[in-house]
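1. The sequence isn't on hand, but the structure is:
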């Protein structure tokens, strides 16, 4: 085939069937002739370039504005002419292929970016929703440990949720307590909600929720006095009723409805049968000054009372936020674990602590370096399982007038620092394993009325200074007892020479 310059083309030729040409060309040798255009498009250019190549099927060229045709070589007058402009140049085919590849590549990358953005959006929304759910409620730093992922049971009342939740230090603590519909906290909140909270102040919501949590945590339906199942109670004093909580048995309130005391007086006729655990939620009562809840009236130490269980058990919760607490009495229960030293470090208003006949253990006086209590006057922890020596830092409890650590496992020598507690009136360290002698510094404790040192491994003699105080006080120093077989004493009340 050859390229031949032509100014016009016969339209009849362009409509001929090209199939026959394709078949004929396959069996014939062909050449391509390209005729450069002259300055005048009407004059043919005499320079030609002819290429004999039977393998080429695609021919590419720039006509420069000249009409070009493909003509079968050696054809006759009726030869078939094909418009060369209809032929797609090879470089255009290649370039078009490259463009397609680039488009596919760009499209693929764009699709991946879109998918990635969508995934990030889904993950972000999921995390945000979990965060929103987590912040809708909160629970106690104690007794429940921060949980793993749990589903929070949200109460229907938004006001109740927000009021209760605001009392917890950590969201996880609230979630942990309220993840179980059988928990004391959940049951308490449900009970409060049943009575309606729309027109109730936040103070009263907290009052009722805290007391109800205590009630359920100590099996209040089994209380022998003023529980819901008890018959020994006036109507207004019964717990968990529509009556104002300030009228319930053992509850005292201020004029502005703040609970100031939870005091169950000893009942000689009937034990209270308060059995369970001590909830953290009582620390929400920000004005609580007195918490006195005995277990079994007149129960001998270390003796179980059949049918009445062990009272309140488990570790002591974190009540460090009760800055107004002045009296803490929890005698004859089964509280366990280490002593809550924070009571001596943070609850600076505490005046009296009685936790006798329980199950505390560990070294009570191991570290009192951060203690600087000037309010504590009575500290009674007899009948527990404390061990170790009395730290020299005992002198930080400078206001003590009663210290009773008897019937424990304390050991070591009696530190000289005891003689700096000049306000002491009653000191009982009996029934331990103290060793050494009774130092003369005890003579500085001129306010003593009772000093009990027996049932230890002390030796030597009672210093003259102590005997002088007893004589000078003319009977006010009423009790001075030692192990008379190991310690020589001429003025002790339990020795033959001292009677």
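-> Perfect, thanks for sending it. From a predicted model like this one, the values you see are computed outputs, not experimental measurements.

2. Tell me if I'm right that residue 414 and residue 392 touch.
-> No: Residue 414 is beyond contact range of residue 392, at 11.0 Å (criterion: C-beta atoms under 8 Å). Heads up, the C-betas are built off the backbone N, CA and C, glycines and all.

3. more neighbours, those two?
-> Neighbours per residue (other C-beta atoms under 10 Å) separate residue 414 from residue 392, with residue 414 holding more: 24 against 14.

4. ok, now which ones touch the more buried one?
-> With C-beta atoms under 8 Å, 6 or more residues apart in numbering as the criterion, the residues that contact residue 414 are 390, 429, 434, 436, 438, 439, 458.

5. neighbouring strands for whichever strand or helix holds the third one, and are they parallel or not?
-> If you go by DSSP states H and E, residue 434 is part of strand 433-437. The pairing partners recorded for strand 433-437 under DSSP bridges are strand 409-413 (parallel), strand 457-461 (parallel).

6. sorry, back to before: want to throw the contacts of residue 414 into a markdown table with distance to residue 423 and neighbour count?
-> Conversion of the contacts of residue 414 to a markdown table gives the following (distance: C-beta to C-beta, whole Å; neighbours: other C-beta atoms under 10 Å):
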| residue | distance to residue 423 | neighbour count |
| --- | --- | --- |
| 390 | 17 | 23 |
| 429 | 17 | 23 |
| 434 | 22 | 19 |
| 436 | 24 | 14 |
| 438 | 20 | 22 |
| 439 | 19 | 17 |
| 458 | 24 | 20 |
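
7. which residues in the stretch 151-300 of the chain form strands?
-> With DSSP state E, counting those that start in this stretch as the definition, the stretch 151-300 of the chain shows strands at residue ranges 251-253, 259-263, 276-277, 290-292.

8. show me where this protein has helices.
-> Counting by DSSP state H, the chain has helices at residues 11-14, 19-26, 90-134, 158-165, 171-178, 184-194, 202-217, 342-345, 464-472.

9. how far does the fifth one sit from the chain's center?
-> Its chain's average C-alpha position is 7 Å from that of helix 171-178, according to C-alpha atoms, centre = their mean, to the nearest Å.

10. Averaged pLDDT, that helix. What do you get?
-> For helix 171-178, the per-residue pLDDT values average out at 83.

11. mind putting the strands of the stretch 151-300 of the chain in JSON lines, mean neighbour count, mean pLDDT and distance to residue 106 included?
-> Listed next are these as JSON lines, based on neighbours: other C-beta atoms under 10 Å; pLDDT from 0 to 100; distance: least, C-beta to C-beta, whole Å:
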{"stretch": "strand 251-253", "mean neighbour count": "17", "mean pLDDT": "97", "distance to residue 106": "75"}
{"stretch": "strand 259-263", "mean neighbour count": "20", "mean pLDDT": "97", "distance to residue 106": "71"}
{"stretch": "strand 276-277", "mean neighbour count": "18", "mean pLDDT": "94", "distance to residue 106": "66"}
{"stretch": "strand 290-292", "mean neighbour count": "19", "mean pLDDT": "96", "distance to residue 106": "74"}
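
12. Which among those is found nearest to residue 164?
-> The minimum distance between residue 164 and the strands of the stretch 151-300 of the chain falls on strand 259-263, with 15.7 Å, by C-beta to C-beta.

13. For the closest one, name the packing helices and strands.
-> Identification of packing neighbours for strand 259-263 by 3 or more C-beta pairs under 8 Å, 6 or more residues apart in numbering; DSSP states H and E yields helix 202-217, strand 251-253, strand 290-292.
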